[in-house]
Each structure stands twice: as C-alpha cells, then as structure tokens.
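Trainee: Sequence first, predicted model second:
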Amino acid sequence: MSDQPSGQQTVLKAEGLGKRYAQGDLDVEVLRNLELSIDAGERVAIVGSSGSGKSTLLHLLGGLDTPSHGTITVDGQDFSKLSAAGRGRLRNRLMGFVYQFHHLLPEFTAMENVSMPLLIGGTSRKEAAKRSTELLARVGLAERLEHKPGELSGGERQRAAIARALINNPRVVLADEPTGNLDEETSNRVYELMLSLNQELGTSFLVVTHDLELASRLDRTLTLSNGLLIDHAL
C-alpha cells in the first residue's frame, strides 16, 4: 500500500486483524493478519469471491463483531479499549452503515427513519426532523418525507438508507453490497449519489461490491483472498 500523503488523516485502520471461528471439529480462519488503512475522504472498494469474508470484515471494522486478534482504530480511537456501550457511541458518532437490503423500519416514515441515529445520540426531535428533511432533499426525496418504506421504490429506499448513514456527518461509511438488490440503472444512480456526497461532504466510503465496473470508479480496489487484502495499486 502506498505511503499516506503528508497531512492526510487516517480515519479507519486495521492492524494484524484476524478472525477465527472454532466450534467442535470446525476451525476456520476467515481473516489473518489483515492490514487496512482508509484516509479522510477516500473511496475504497473491496471485492472478492462469495464466502471470502467481506461481510465479516465490515462487521469487525464497524465494531459489530470482535476480532480474534489485531486492532481497529476509528479516528484514532481503539475499539478494543472501549466497552460495548462505548463502541456503540463511537459507531453512532463517527460511522455510517449501508446494506444490500435497506433495513429501514417499515412502520416509520422516511424522515423518521433518517432521524433515528440523531435521536439515539440525544438530538431533539425538532432538530432531528430539520436535519433529516434537509438531507433527504439532497438525495432527491424531498417529496417523499412522509412515505413509509413500503411506499417507496427500491432506489428510493436505498437513497433513504444512504441519508440515514450520513445524518450524523460520520467520518466513514461502510457499505455492504449497497446496490446488490437493484437493477443496473438504479445501481448507477445510487453509486453516483454516493460519489457526489463523498465529494460534497468529504466522508470516506468503504464499499464491498461484486461489481468490478462500479468498483473501478472508486479511488482504490482491494481484493480479499485467503484472509488477506491485496491492493492492486501496488
């Protein structure tokens, strides 16, 4: 991996990261001594075959699972030194998540779904509504604020999910196959939205995808193979 540019801040870093699953006679090493560094504003794609551990890696980086060994730091803070509650607060404040399936709560409107991370973090309902309304307008959903997920198209649901991921102005967004459930045209629109928001807000994006053409539009593409990340820029 190339040296970090002078003055460029690292927002997400994994060092010696490993994950092993052992139960009875089963002992599988999914990740082994993996190294990763994401700079502020950087857009990085991770590709790899099915079952290579891409989703496991994202869960570890997001503090949703615990590594067998190694360290993960977000904005200079070591996940391993935080309690479960502390990791939750760090995720809420510094990280956003987008998944293949939008995971919007069906009983709430688009505005209410996007407001959730703010409300969890202690923002008032009035301020949360104001900020979520503004962000939904930026992703082209100004006319859909009061619509529930079942009343939105697949692309609209994913745009709402991206707005939810960005509502706390996170340092980094982790996206797991964010367009995997969409048709090609809608996928392109969602990717264009992510790229434009990256440029506008300076948020880093780490995107797991099977689409090599879309991955090529990001700054770097890493391949996860045999538990290690291969940087094609090397």
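Mentor: Structure received.

Trainee: what about residue 223, is that helix, strand or coil?
Mentor: Of the three states, residue 223 takes strand under DSSP: H, G, I helix; E, B strand; the rest coil.

Trainee: beta partners for it?
Mentor: Residue 223 forms beta bridges with residue 47, residue 230, as assigned by DSSP bridges.

Trainee: contacting residues for it?
Mentor: Residue 223 makes contact with 46-48, 229-230, 232, according to CB atoms under 8 Å, 6 or more residues apart in numbering. C-beta coordinates here come from the backbone N, C-alpha and C atoms, glycine included.

Trainee: in this protein, which spans are strands?
Mentor: Assignment of strands within the chain using DSSP state E yields the ranges 10-23, 26-39, 43-47, 69-74, 77-78, 95-99, 172-176, 204-208, 220-225, 228-231.

Trainee: Ok, which of these comes nearest residue 154?
Mentor: strand 95-99 (13.1 Å; CB to CB).

Trainee: which helices and strands does that closest one pack with?
Mentor: The elements that strand 95-99 packs onto, with contact taken as 3 or more CB pairs under 8 Å, 6 or more residues apart in numbering; DSSP states H and E, are helix 154-166, strand 172-176.

Trainee: on that earlier part again, can I get the strands of the chain in JSON lines with mean pLDDT and distance to residue 214?
Mentor: JSON lines is the format used below for the strands of the chain (pLDDT from 0 to 100; distance: least, CB to CB, whole Å):
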{"stretch": "strand 10-23", "mean pLDDT": "87", "distance to residue 214": "21"}
{"stretch": "strand 26-39", "mean pLDDT": "85", "distance to residue 214": "18"}
{"stretch": "strand 43-47", "mean pLDDT": "90", "distance to residue 214": "8"}
{"stretch": "strand 69-74", "mean pLDDT": "89", "distance to residue 214": "25"}
{"stretch": "strand 77-78", "mean pLDDT": "84", "distance to residue 214": "31"}
{"stretch": "strand 95-99", "mean pLDDT": "83", "distance to residue 214": "14"}
{"stretch": "strand 172-176", "mean pLDDT": "88", "distance to residue 214": "11"}
{"stretch": "strand 204-208", "mean pLDDT": "90", "distance to residue 214": "8"}
{"stretch": "strand 220-225", "mean pLDDT": "89", "distance to residue 214": "10"}
{"stretch": "strand 228-231", "mean pLDDT": "83", "distance to residue 214": "18"}
